[in-house]
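K.L.:
Quick one: sequence and predicted model below, then my questions.
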Amino acid sequence: MLTLREAGILSTTFEAILYGYAVFMFTLAMWIMLRDRRQRHVNYALVGAGCALILLATAEMAVNITRIFEGFVTKGPFVPGGPEAWFSVVSDPTFVAKSVLYNVQTLILDAVVIYRTYVVWQSGLVVLLPCIGWCGLLAGSVGLNVALVNSSKHMGDVFAVQTGRWITAVYALTLGTNLSSTMLLAGRIWTVARRSAQYRSSNIFSPVLRVIIESGAIYSMTITAALISFVVKSNGVYVLLDMISPIISIVFNMLIIRMGIASDRSIFGASTNPGTWAATGVSVERSGGPPGVAVGMGMRRRPDGTYEMKDLKVEITQVIEDDSDYVVTGDPPVSASGIPLDPRRNASIRGGVVLSGRDDEESSPTWSFHDSDRSEKPLSDQHSLV
């Protein structure tokens with residue numbers, strides 16, 4: 001059976017490994033959210049939530065290191081029962097502080113998931129049940145920490161009845177709230193993706209939907225494992241409890257990173273690689289412009305988020321009608337002022353039929369012109385052929 005001393009060492013080790021991943025993903029998520037902030041709107045609420053989660057994870061990591069130091073060096077060896085007895089005291093300030101930090105992280109993560117669900121659905125009734133669960137989680141977190149502070153009166157451990165019921169309630173509420181919100185969010189995105197699939201050449205919703213399911217599954221599986229470990233009264237719950245802190249920050253940043261990558265690929269092509277520019281050649285056919293006009297343009301993204309524009313190539317196709325082969329016979333028409341007019345400018349040729357050209361009603365001379373390959377056909381100034 002896992003002892004409390006072993007659980008303390010393992011939990012701090014695993015938490016440190018996951019904390020490293022959390023810091024890396026936090027840095028990448030902040031870069032995605034804050035880049036191009038002069039050209040687009042930045043969601044500072046999510047930026048603040050991400051910073052709060054990583055700060056809370058850092059504080060909990062520091063508290064666990066302090067507990068290890070006190071349990072094996074400064075305090076644990078000098079109490080009756082040694083380090084094993086010291087680690088079992090849940091009323092110790094370091095254990096209570098760790099519980100408070102964990103509860104705040106849980107509340108922030110569940111609130112963010114509910115917020116994302118509301119943004120997608122745009123309906124308060126849809127997120128009513130998760131909001132009720134979040135309020136219950138807040139009440140359960142307060143009751144749990146009060147029970148931990150008062151646990152010194154009955155000298156019980158974490159599995160005592162006074163603390164056990166609160167811990168079970170907190171785990172169940174956070175699991176239900178997060179799971180329901182994630183299912184609503186994923187269901188909405190899946191519905192939109194299915195309806196818009198016939199209008200899009202590529203589906204950017206699939207990777208986002210996948211990462212929502214994956215992040216929700218990771219968190220839900222961890223909480224479920226911790227709840228089962230607590231119900232069977234296994235000391236492994238201490239290990240899982242410390243691992244949840246960095247996992248919360250990881251699952252929060254997973255969706256932001258994946259959405260940022262999917263957005264880049266949908267706009268600048270599927271060959272986007274982290275740390276490199278995305279080079280894309282775009283060929284645009286102007287639907288509202290004249291036919292025969294094609295525009296080719298290349299764009300390259302700089303590290304600062306701006307785009308380098310290449311030369312613009314425009315190809316224009318023109319159709320020119322040349323009527324120089326038509327021969328004019330007869331006297332050319334003149335205007336009212338007596339200025340000769342060009343019959344080729346005033347004549348109309350429709351379907352191969354030659355029409356007379358007149359400047360005004362006073363232009364009475366009979367004239368005609370014909371194709372050099374056709375026979376001459378005089379036309380009267382009194383009639384027109386259509």
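P.N.:
Yep, that arrived. It should be emphasised that the depicted structure is a prediction, and the values quoted were computed from it without experimental measurement. Numbers count the residues shown, from 1 in each chain.
K.L.:
Number of residues surrounding the spatially closest residue to residue 2 that is not a sequence neighbour?
P.N.:
Residue nearest to residue 2 in three dimensions, not counting chain neighbours: residue 235, with 4.5 Å by CB to CB, 6 or more residues apart in numbering. The C-beta positions use only the backbone N, C-alpha and C, and glycine is treated the same way. Using other CB atoms under 10 Å, residue 235 has 22 other residues around it.
K.L.:
same check, this time on the one 10 residues further on
P.N.:
Using other CB under 10 Å as the criterion, residue 245 is surrounded by 27 other residues.
K.L.:
helix/strand/coil for residue 38?
P.N.:
coil (DSSP: H, G, I helix; E, B strand; the rest coil).
K.L.:
thinking the residue nearest to residue 2 is in contact with residue 1, fair?
P.N.:
Yes: with contact defined as CB atoms under 8 Å, residue 235 counts as touching residue 1 (7.2 Å).
K.L.:
Quick check: the gap between the residue nearest to residue 233 when sequence neighbours are not counted and residue 129.
P.N.:
Closest residue in space to residue 233, ignoring its immediate chain neighbours: residue 159 at 5.0 Å, by CB to CB, 6+ apart. The span separating residue 159 from residue 129 equals 30 Å under the rule CB to CB, to the nearest Å.
K.L.:
Repeat that for residue 246.
P.N.:
Taken as CB to CB, the spacing of residue 246 relative to residue 129 amounts to 28 Å.
K.L.:
And residue 27, by the same measure?
P.N.:
Note on residue 27: its distance to residue 129, by CB to CB, is 35 Å.
K.L.:
More neighbours: these two, which one.
P.N.:
residue 129 (15 against 12).
K.L.:
how close does the more buried one sit to residue 247?
P.N.:
Separation of residue 129 from residue 247 (CB to CB): 24 Å.
K.L.:
now do residue 140
P.N.:
When CB to CB is applied, the distance between residue 140 and residue 247 equals 20 Å.
K.L.:
okay, these two: which has more neighbours?
P.N.:
More neighbours sit around residue 247 than around the other of residue 140 and residue 247, counting by other CB under 10 Å; the figures are 24 against 21.
K.L.:
The more buried one reaches residue 18, doesn't it?
P.N.:
Yes: applying CB under 8 Å as the test, residue 247 and residue 18 come out as touching, 6.2 Å apart.
K.L.:
how many other residues sit next to residue 257?
P.N.:
For residue 257, the tally of surrounding residues (other CB under 10 Å) stands at 18.
K.L.:
how about it, what does it touch?
P.N.:
Listed by CB atoms under 8 Å, 6 or more residues apart in numbering, the contact partners of residue 257 are 25, 28-29, 32.
K.L.:
Of those residues - the most surrounded one?
P.N.:
Neighbour count (other CB under 10 Å) singles out residue 29 as the most crowded of the contacts of residue 257, with 23 neighbours.
K.L.:
So for the helix or strand where residue 145 lies, mean pLDDT?
P.N.:
Assigning secondary structure by DSSP states H and E places residue 145 in helix 128-149. The average pLDDT within helix 128-149 is 94.
K.L.:
which residues of this structure fall in strands?
P.N.:
Per DSSP state E, the chain has strands spanning 279-285, 293-301, 307-309, 313-316, 326-330, 349-350, 353-354, 367-371. These are given in chain order.
K.L.:
rank the ones you listed by pLDDT, which is bottom?
P.N.:
strand 279-285 (a mean of 29).
K.L.:
what number of residues lie near residue 164?
P.N.:
17.
K.L.:
For residue 174, give its distance to residue 180.
P.N.:
Taking CB to CB as the measure, residue 174 falls 11 Å from residue 180.
K.L.:
Of these two, which one has the most company?
P.N.:
Between residue 174 and residue 180, counting by other CB under 10 Å, residue 174 is the more crowded of the two (28 against 19).
K.L.:
Quick one: the helices in the stretch 1-150 of the chain, in order.
P.N.:
Listed in chain order, the helices of the stretch 1-150 of the chain (DSSP state H, counting those that start in this stretch) span 4-34, 44-69, 82-87, 93-121, 128-149.
K.L.:
Of these, which is nearest residue 76?
P.N.:
Closest to residue 76 of the helices of the stretch 1-150 of the chain is helix 82-87 (CB to CB; 3.5 Å).
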